[in-house]
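> predicted model and sequence follow; I will ask about them next.
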Amino acid sequence: MPPARRRPLTRLTVVSLAGHVVFELGAGVGMPLASVIGPYAAAGFWTVVTGGVLAASGRDESADELLAAANGFGIAAVSAHLLGWPTRRTRTGLPWLADCEGLGPELMRFYNPILYLSGVTGLLAIARENRSARLYLPIAMLGLVPGLIAYQHWEHRRLRHQAQTRPGWWNRRLRRRRGPLDARTQSHGVA
């Protein structure tokens, strides 16, 4: 089998994770690292990371450890969203984001499936495609969840501030939003 076809789940995981950050940028709430290095540099960074993981997914088994860590990081990022932002339960009992990073409840019907696609394909990729990698690698990535939650809220505060002081197309939604999520996160010491 050609290398490019060996890891379709890993490829889908990384593409859906990239889709998640592009969705945030396109919706006008920035993206990870945008508050620190700006939206264009952040988009460039995520493009390089995505391209690197996609390139590695076409290599032989020597890339399994890197790819297992990348899949584990994706699962940690999804977990941080679901644990760090307000959720409700679906009929099946799964957490469903009610709002996240200033996107607003109206975009959650699109955002949640992107996150779940990343998480589910990441889990499946670890189980089926990264078999020669040590299992501790993706499990260790779950240790990043508390830090990722803290980072998401820290950056969200910075992005909201920048939306007021340096408005741009990439933070337009954050200029308009001020609501229950802000009060909730401030009262819990998160924001």
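Noted; the coordinates are in hand.

> could you list the low-confidence segments of the chain?
1-5, 177-191 (pLDDT under 70).

> what segments of it are helices?
For the chain, applying DSSP state H gives helices covering 8-27, 34-37, 39-56, 64-84, 108-128, 136-141, 145-165, 172-176, 180-187.

> for the shortest one, packing partners?
When contacts are defined as 3 or more C-beta pairs under 8 Å, 6 or more residues apart in numbering; DSSP states H and E, helix 34-37 packs onto helix 39-56, helix 145-165. In short, each C-beta sits where N, CA and C put it, glycine included.

> buried ones in the first one?
Of the residues in helix 39-56, those scored as buried under the neighbour-count criterion (16 or more other C-beta atoms under 10 Å) are Pro39, Ala42, Ala43, Phe45, Trp46, Val49, Thr50, Val53, Leu54, Ala56.

> quick one: contacts for the residue nearest the centre of the chain?
Among the residues of the chain, the one closest to the centroid is Ala77, at 4.8 Å (C-alpha atoms, centre = their mean). Listed by C-beta atoms under 8 Å, 6 or more residues apart in numbering, the contact partners of Ala77 are Leu17, His20, Ser118, Leu148.

> likewise Ala70?
So Ala70 contacts Thr10, Thr13, Val14, Val53, Ala56 (C-beta under 8 Å, 6+ apart).

> what do you get for Ser57?
Contacts for Ser57 (C-beta under 8 Å, 6+ apart) come out as Ala4, Arg6, Arg7, Thr10, Arg11, Val14, Ala63, Leu67.

> turn the residues you listed into TSV, including distance to Leu124 and neighbour count.
Formatted as TSV, the contacts of Ser57 follow (distance: C-beta to C-beta, whole Å; neighbours: other C-beta atoms under 10 Å):
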residue	distance to Leu124	neighbour count
Ala4	18	12
Arg6	14	17
Arg7	11	25
Thr10	9	29
Arg11	12	20
Val14	13	28
Ala63	17	22
Leu67	13	27
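
> Glu24: which of these is nearest?
Using C-beta to C-beta, Val14 comes nearest to Glu24 of the contacts of Ser57, at 16.2 Å.
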